[in-house]
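In: pasting the sequence and the predicted model now:
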Amino acid sequence: MILMAGIPSEAPLRLVIEAAESAGIPHVVFNQRESGVTGLCLDIRDDSVDGTIRIRETDHRLNAFSGVYVRMIDARELPEERRRARQAPAGEVGSRTDQLNEAFTDWLEVAPCRVMNRFGDMASNASKPYQAQAILKSGFLIPETLVTNDPGAVRDFLKEHRRVIFKSISSERSIVRLLEGSRLNDLERVRHLPTQFQAFVPGTNIRVHVAGKELFATEIRSEAVDYRYARQDDLDVDMVPLSLPPEVEARCFALSGMLGLPLCGIDLKRAPDGGYYCFEVNPSPGYSYYQENTGQDIAGAIVRYLEVET
Amino acid sequence: MPNFLILAHLGDSAALRVCSALRSRHGEDAIRIVSAPELSLAPSWRHRLGRDGVLTELVLADGPPIRSDRIGVVFNRLRYAEAPQFQGGRPRDRDYAVMETAALWLSALAALPCPVVNPPTPRNLGGRDRGRAEWMSLASKAGLPVRGYRFTTDPRRFPACGYIPHRRLLPLSFGGPDRFDPLPPGLPPRDATVFLEPLEPRGRSVLVAGDRVLGEVEPEEKRALLALSRRSGCPLFEAAFSRTPQGWVSMAGTDARLTEVDPFPELPDRESVEAVADLLEDRLASGMQVPA
């Protein structure tokens, strides 16, 4: 039986639920919006961590699950919790919802079954340059990168690479923009906080989803610098399924394994000279956008991976 | 360029004691201690990644530049990132600045070719910010008996017989250890409750610093603690033990239970400070990178 955790109306989780239903695979959903009526009992003793989760009046033993799909949000961001925090004075004891979600994520870190993905492993995405170091080890190319708060260093970098983009260093989403025009006049502002600059890499955007032992590659055709925000710039986006060379597929699987992320979204670019650059590995990919545009059965692959007992 | 670089928050007296011990052994010039605010307010950070590898050059407000490929060993006491330059800013800007700063520090620390004690991980700049289940699971696999623990949202359905009910409190600081407050006796628990195996209040603590283990410890415990150090990737930590009401016995039939693991030990005495200084010297001599 598979356990799924998150908010069921959200597309990535909804599609996994639908995939499990259509394949006839038993599954249970921990709906975070129902944390107030979900029960959890977690036991830690010598040699074992186990317990039960109670969902809609039914108890399920935690170690009986073959796999867990995690698409959770920070419990403090749940609408119910935000309302409660506004109404109740802050105290020393976390809310029941907060404690339950924390205990659940504690269990996920040590659960013996397959988990897509554990929070400790997802944390590598909190720093793009940190993740880039793992990407380098996997054999992918990375763009020449400078993280700096020194405007002089940025000017030198721009002279060296001519076309430079800038973006956030952390996982906080920022739109990737070219360093040009009026932004060059604002370079002194970088003194307030280091920013990440990269040599622009021309080529074809490719998004790869690794889901267990399956891989799905999608070519993205768009004129936008950051195709995720193409519509904001009145530009189109087309998505086409793609086959990658075997060595590139192997690097994707290696990177997934190295980062401990059996489910991940890998952002690549195929440069005009045939080299493959990797920009980021997304540990909680919004794969639904790609599935819905290409028909690739990523949700099915997630379910197939998690239903296998280890 | 310093042989020993110490990174610490303001007020970290353990870091200052280690700095003082190293200075008395090696002289002032071999040691540099840099605070978290100094890192945040450094006039120039240049952290480069690409085909030539990774290099960081840092110019602080005082002192010569620091290059990542010219440091001998780092004593890392950073728990979280700071962005004091945004102290008066909007909360959203402050939070963003802290996240960006943490991301930079993590990458720069992880890329250091020299040994780092304790090495950073994505969850915590000074060593992995693990939950209780994870620490206890690692400890148990290393051969240490751990304190029995039950968390339940429904204590009436899942009472833990013989265990003592507690409330779980929020940590005092980011990444700080779990805190528990026993419920008044006779008051039945109703809400989310933690049940803990009863242990004697007075316990003992043990410091693990590389291959050295300081404190009262049986040979089997020492082996298990060193195994925990390897499994956790933490060469430096303090482990707290308590005993069950049945009393101390040897590890073989043990009633000693591991209750806490802290990768940021206080180092309150000279012996523990010297042990850490020895560890840093060993790492410097061997150039040994601790796997993250």
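Out: Thanks, I have the structure now.
In: residue ranges with poor pLDDT in chain B?
Out: For chain B, the stretches with pLDDT under 70 are B:1, B:128, B:170-178, B:246-254, B:288-292.
In: which phi and psi does the residue of it positioned farthest from its centre have?
Out: In chain B, counting by C-alpha atoms, centre = their mean, B:Gly186 sits farthest out from the average C-alpha position, at 36.7 Å. The phi and psi torsions at B:Gly186 (degrees, to the nearest 10) take the values phi 90, psi -10.
In: so for the strand or helix carrying A:Ala301, mean pLDDT?
Out: With elements delineated by DSSP states H and E, A:Ala301 resides in helix A:298-306, which encompasses its position. For helix A:298-306, the mean pLDDT works out to 98.
In: ditto for stretch A:104-122
Out: On average, stretch A:104-122 scores 93.
In: one more: stretch A:173-193?
Out: Averaged across stretch A:173-193, the pLDDT comes to 88.
In: straight-line length of that stretch, end to end?
Out: The first and final residues of stretch A:173-193 sit 16 Å from each other (C-alpha to C-alpha, to the nearest Å).
In: also stretch A:289-307?
Out: Its first and final residues considered, stretch A:289-307 spans 24 Å by C-alpha to C-alpha.
In: same question for stretch A:171-190.
Out: Using C-alpha to C-alpha, the end-to-end distance of stretch A:171-190 comes to 19 Å.
In: that one: which residues count as buried?
Out: Neighbour-count burial for stretch A:171-190, with 16 or more other C-beta atoms under 10 Å in any protein chain shown as criterion, is recorded at A:Ser171, A:Ser174, A:Val176, A:Leu179, A:Leu187, A:Val190. In this view, the C-beta of every residue, glycine as well, is placed from N, C-alpha and C.
In: need the max-distance pair from those residues.
Out: Among the buried residues of stretch A:171-190, the pair separated by the greatest distance (C-beta to C-beta) is A:Ser171 and A:Leu187, at 24.5 Å.
In: thought B:Val59 was touching B:Pro43, still the case?
Out: Yes: when contacts are counted by C-beta atoms under 8 Å, B:Pro43 is listed as touching B:Val59 (5.5 Å).
In: ok, the two, which is more surrounded?
Out: B:Val59 (15 against 11; other C-beta atoms under 10 Å in any protein chain shown).
In: skipping its backbone neighbours, what lies nearest that one in space?
Out: Setting aside the residues directly before and after it, B:Val59 is nearest to B:Ser44 in space (C-beta to C-beta, 6 or more residues apart in numbering or on different chains), at 4.0 Å.
In: kindly report the same for A:Gly67.
Out: By the measure of C-beta to C-beta, 6+ apart, the closest residue to A:Gly67 outside its immediate chain neighbours is A:Leu306, 2.8 Å from it.
In: contact partners for that neighbour?
Out: A:Ile2, A:Ser66, A:Gly67, A:Val68, A:Tyr69, A:Arg114, A:Met116, A:Gly212 (C-beta atoms under 8 Å, 6 or more residues apart in numbering or on different chains).
In: out of those residues, list just those in strands.
Out: Among the contacts of A:Leu306, the members found in strands (DSSP state E) are A:Ile2, A:Gly67, A:Val68, A:Tyr69, A:Arg114, A:Met116.
In: which secondary structure element is home to A:Gln296?
Out: With DSSP H and E as the criterion, A:Gln296 is inside neither a helix nor a strand.
In: let me know whether it touches A:His209 as I believe.
Out: Yes: taking contact to mean C-beta under 8 Å, the distance of 7.5 Å between A:Gln296 and A:His209 places them in contact.
In: looking at those two, which one has more neighbours?
Out: Using other C-beta under 10 Å, the more surrounded residue of A:Gln296 and A:His209 is A:His209, with 24 against 20.
In: now do the closest residue to A:Glu18 other than its chain neighbours: how many residues are near it, please.
Out: Taking C-beta to C-beta, 6+ apart, and ignoring the residues beside it in sequence, A:Glu18 has A:Ala299 as its nearest neighbour in space, at 6.9 Å. Residues near A:Ala299, counting by other C-beta under 10 Å, number 25.
In: what sits against A:Ala299?
Out: By C-beta under 8 Å, 6+ apart, the neighbours of A:Ala299 are A:Pro12, A:Leu15, A:Val16, A:Glu18, A:Ala19, A:Tyr287, A:Ser288, A:Gln291.
In: kindly recompute the last result at 6 Å.
Out: Residues near A:Ala299 by C-beta atoms under 6 Å, 6 or more residues apart in numbering or on different chains: A:Leu15, A:Val16, A:Ala19.
In: and of these, the nearest to A:Ala271?
Out: A:Leu15 (32.2 Å).
In: quick one: the nearest residue to that closest one once chain neighbours are set aside and chain B, what's the gap?
Out: If the residues on either side of it in the chain are set aside, A:Leu15 comes closest to A:Ala299, at 3.9 Å by C-beta to C-beta, 6+ apart. Distance, A:Ala299 to chain B, by C-beta to the nearest C-beta, to the nearest Å: 27 Å.
In: cool, A:Leu146 as well?
Out: In terms of C-beta to the nearest C-beta, A:Leu146 sits 5 Å off from chain B.
In: what does A:Val176 give?
Out: As for A:Val176, its distance to chain B is 15 Å (criterion: C-beta to the nearest C-beta).
In: could you do A:Asp50 as well?
Out: Counting by C-beta to the nearest C-beta, the gap between A:Asp50 and chain B amounts to 10 Å.
In: and that residue, how many residues sit next to it?
Out: By the other C-beta under 10 Å criterion, the neighbourhood of A:Asp50 contains 17 residues.
In: which residues do A:Gln296 and A:His209 both contact?
Out: Shared contacts of A:Gln296 and A:His209, counting by C-beta under 6 Å, 6+ apart, come down to A:Phe216.
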